[in-house]
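> everything below, folded, please.
(2 chains)
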Number of protein chains: 2
Amino acid sequence: STQSFISSLLLTLKKKLSYDHKKLIHSLKVGVALVLVSLLYLIDPLYEQVGENAMWAIMTVVVLFEYSAGATLGKGLNRGMGTILGGGLGCLAAILAQKLDWVGSSIVIGTTIFIFGAIATYSRLIPNFKKKHDYGAMIFILTFNLVAVSGLQGEKVLLLARERFATIVIGFAICVFTSLLVFPVWSSDELHSSIASKFDNLAQSIEGCLEEYFEPIDEKGNEVTTNSDGYISVLNSKAKDDILRNFARWEPWHGKFGFYHPWDKYLQIGELLRELAATTLSLKGCLRSPRQPSSVPLRLSIKEPCETAATLLACSLRELGDSITQMKKCQAGELMIAKLQSTSFKLNVSVSASKLDTVENGDGLAMSSFVFLLMEM
Amino acid sequence: STQSFISSLLLTLKKKLSYDHKKLIHSLKVGVALVLVSLLYLIDPLYEQVGENAMWAIMTVVVLFEYSAGATLGKGLNRGMGTILGGGLGCLAAILAQKLDWVGSSIVIGTTIFIFGAIATYSRLIPNFKKKHDYGAMIFILTFNLVAVSGLQGEKVLLLARERFATIVIGFAICVFTSLLVFPVWSSDELHSSIASKFDNLAQSIEGCLEEYFEPIDEKGNEVTTNSDGYISVLNSKAKDDILRNFARWEPWHGKFGFYHPWDKYLQIGELLRELAATTLSLKGCLRSPRQPSSVPLRLSIKEPCETAATLLACSLRELGDSITQMKKCQAGELMIAKLQSTSFKLNVSVSASKLDTVENGDGLAMSSFVFLLMEM
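Sure thing, here's the model as predicted:
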């Protein structure tokens, strides 16, 4: 147990280090992108070309550069769409207003700004739209507004819009270049491995629960404290998974993922795993309940079948997790279900004999049905 | 049951309409704020004062105006801090660089941009910092970068920075004015009512579960479908609660909330409610398991104590929810715990008699301990 504890500690440390490593690389990438885009100011011939509009390129880089490639791409495409749409409509409004006198044009511009602003803001509050195009709608409002009012002050609207758009494209290109080509961080990879690691977490939690129950006091007389709290992180993982899925959808074909990788399946698996985590939570609650018999012999009488079931469950979970990591169909699937069912049956028999722990049994059944669901994918 | 279904439907509809109503008002508010800030362009004397920098005011309004007052204030203060810090350091770097020749200043500016950009980006990836100051760090990078490179092109950096800051303040003032003073939407209200409604949801789910179990077929021979799925929304509510808490923290004293309202307590209650929701989930799983006896008489034999327990639980939950809504200490607290314990004991006895459903019992106990925890607050 000490060994397993140390090894799990090492694993956590390694994970943390590799995550910190990724963070560091990301920070350096942002630094490089910023310096690249600043060259527009620093190198005089370039500055003469773009002038004060270089500001927009800097802004684009700062705002767009997100941690993962998918997030950057999604934001960039949204920004592009928002700029084109907002710029186009803004030009129309400005050209329309320039034909009127001062009062008339002010009223026209004010009204269109109000209407488009309100409509775009309302659409930002619709959940399905918000998920994909929140940022795009914001940029639409911004661009529309800026282009429409600039037009009123008699500037050459079309020229201005074109130049700004060109610098935004430069900024976007720098972002994409640094984000996708230099040590890219893919949301899809992260989603994939987070789902796979959930299986491990749950397996560990279930084993930990049982260990705590059957061996509350180890040889040296200390209370056994197992790290069986992995299920809590699984339980609260919905929002993170949703976000990762949204980003992963924007990512192009890379590595082992094809173009139409079924990201929604990941969410379904996540949902099932959260249910299993909830079951684990209440299993733990039941095992810790003061109504459990405190006499060790009574507990030991059901130790063997319970441990078999738990080990089998943990093994199956790990195997499923591995099969997802390697993206292979789980070979031993049919076999596993049969085993789980027979174990659940045995557990049933031995438990009715000792009239204890029906909970655990229900749990076993819930899990076997869960595994069944998984196999159907 | 039909009546209760209709009434719950009406309630949902009313909630939806009032939510849509709020969304509409928010959209109109954004429209008004946009028109107000556009006046900087539309009214010539104002435009002569601020010039092209009016752009920054528009940008501030578009970017800052969020759905709730807390979010707007938090973003605004972050933007202010980021601008001041970034602008100040940027000015320093620019003034320092102006004393060198072209190559030297380019190198100095490039290096500082790289260093500050990387550091600020890294800090944006630290969870605790990100929660409160993500936006501020982004604005810091942006302002620092813009000010530092503008200085290189020989413009009057200090003047430029001052003017831009002034217009940002104008934009912020318009945001705060429209967001806080005209039909404000408070995150704190939303958090408060979302926590209170969770109690209702759970009470309904527990009742629904039992109803489904004891009356699988109603008088007309249809399967009873109760809406007992409220616990799922409770289960997945962590991320939303966290966000609301972060916003609520920025909101000033208003209505019934004081300055140092204990928002973290809300999160703790939410945590407990999620655990209860998980227990409800597995209770439901157990009740639907094919291993439950299908003979109705056997089920009915434990109907009475179970229903008493469930009703009592639901009542206690609703009462707790109400006491939170009204912000009073729950009067009947002690009484409730005593009642719950005695009911749990009765349930215990009757269930050992019929040797069924130990789960439910464990559940009852878990809940009574949960209520106990709540009372201790």
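
> what about the closest residue to A:L180 other than its chain neighbours, distance to chain B?
Closest residue to A:L180 apart from its sequence neighbours, by C-beta to C-beta, 6 or more residues apart in numbering or on different chains: A:A69 at 5.1 Å. In this view, the C-beta of every residue, glycine as well, is placed from N, C-alpha and C. Applying C-beta to the nearest C-beta, to the nearest Å, the value for A:A69 to chain B is 16 Å.

> same check, this time on A:P45
Taking C-beta to the nearest C-beta, one finds A:P45 at 13 Å from chain B.

> A:C175 too?
Taken as C-beta to the nearest C-beta, the span from A:C175 to chain B is 13 Å.

> list the buried residues in the helix or strand harbouring that residue.
Using DSSP states H and E, A:C175 sits in helix A:157-176. Residues of helix A:157-176 classed as buried: A:157, A:160-161, A:163-165, A:167-176 (neighbour count, 16 or more other C-beta atoms under 10 Å in any protein chain shown).

> now stretch A:240-250
Within stretch A:240-250, the residues scored as buried using 16+ other C-beta under 10 Å are A:241, A:243-250.

> let me know the closest of these to chain B.
Among these, A:I243 lies closest to chain B (C-beta to the nearest C-beta), at 9.0 Å.

> so how far is A:E307 from that closest one?
38 Å (C-beta to C-beta, to the nearest Å).

> in the stretch 251-377 of chain A, which residue sits closest to chain B?
With C-beta to the nearest C-beta as the measure, A:A278 is the residue of the stretch 251-377 of chain A nearest to chain B, at 3.6 Å.

> thought that residue was touching B:L281?
Yes: between A:A278 and B:L281 there is a contact under C-beta atoms under 8 Å: 4.4 Å.

> can you name the residue of chain A nearest to chain B?
Taking C-beta to the nearest C-beta, chain A has A:A239 as its residue nearest chain B, at 3.2 Å.

> quick one, grab the pLDDT at that residue.
You'll see A:A239 listed with a pLDDT of 79.

> wait, it touches B:A239, no?
Yes: here A:A239 lies in contact with B:A239, judged by C-beta under 8 Å, at a distance of 3.2 Å.

> now render the buried residues of stretch A:240-250 as JSON lines, adding distance to A:Q268.
Formatted as JSON lines, the buried residues of stretch A:240-250 follow (distance: C-beta to C-beta, whole Å):
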{"residue": "A:D241", "distance to A:Q268": "10"}
{"residue": "A:I243", "distance to A:Q268": "17"}
{"residue": "A:L244", "distance to A:Q268": "14"}
{"residue": "A:R245", "distance to A:Q268": "11"}
{"residue": "A:N246", "distance to A:Q268": "16"}
{"residue": "A:F247", "distance to A:Q268": "18"}
{"residue": "A:A248", "distance to A:Q268": "15"}
{"residue": "A:R249", "distance to A:Q268": "15"}
{"residue": "A:W250", "distance to A:Q268": "20"}
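
> can you narrow those residues down to the ones near chain B?
Among the buried residues of stretch A:240-250, no residue sits close to chain B (C-beta under 8 Å from any C-beta of the partner chain).

> I'd say A:L42 and B:I109 touch.
Yes: at 6.8 Å, A:L42 and B:I109 qualify as touching, with contact defined as C-beta under 8 Å.

> so which of these two has more stuff around it?
A count of neighbours by other C-beta atoms under 10 Å in any protein chain shown puts B:I109 above the other of A:L42 and B:I109, at 25 against 20.

> what sits against the residue of the stretch 251-377 of chain A closest to chain B?
A:235, B:235, B:277-279, B:281-282 (C-beta atoms under 8 Å, 6 or more residues apart in numbering or on different chains).

> tell me where the stretch 101-250 of chain A has helices.
A:102-124, A:127-152, A:157-176, A:187-214, A:230-235, A:238-250 (DSSP state H, counting those that start in this stretch).

> I'd say A:P184 and A:A69 touch.
Yes: if you go by C-beta under 8 Å, A:P184 and A:A69 touch, sitting 4.7 Å apart.

> give me the more crowded residue out of these two.
Neighbour count, other C-beta under 10 Å: between A:P184 and A:A69, A:A69 has more, with 25 against 17.

> just the pLDDT for the more buried one.
84.

> so who does it touch?
Contacts of A:A69 (C-beta under 8 Å, 6+ apart): A:179-180, A:184-187, A:251.

> on that earlier part again, so what does the residue of the stretch 251-377 of chain A closest to chain B look like in phi/psi?
Backbone dihedrals for A:A278, given as degrees, to the nearest 10, come out at phi -60, psi -40.

> any idea how far it lies from B:C175?
Counting by C-beta to C-beta, the gap from A:A278 to B:C175 is 41 Å.

> could you do A:E66 as well?
Counting by C-beta to C-beta - A:E66 and B:C175 are separated by 25 Å.

> ok, A:T12 next?
43 Å.

> kindly report the same for A:M81.
Counting by C-beta to C-beta, the gap from A:M81 to B:C175 is 25 Å.

> with A:L85 instead?
For A:L85, the distance to B:C175 - C-beta to C-beta - is 24 Å.

> repeat that for A:L40.
Distance from A:L40 to B:C175, by C-beta to C-beta: 31 Å.
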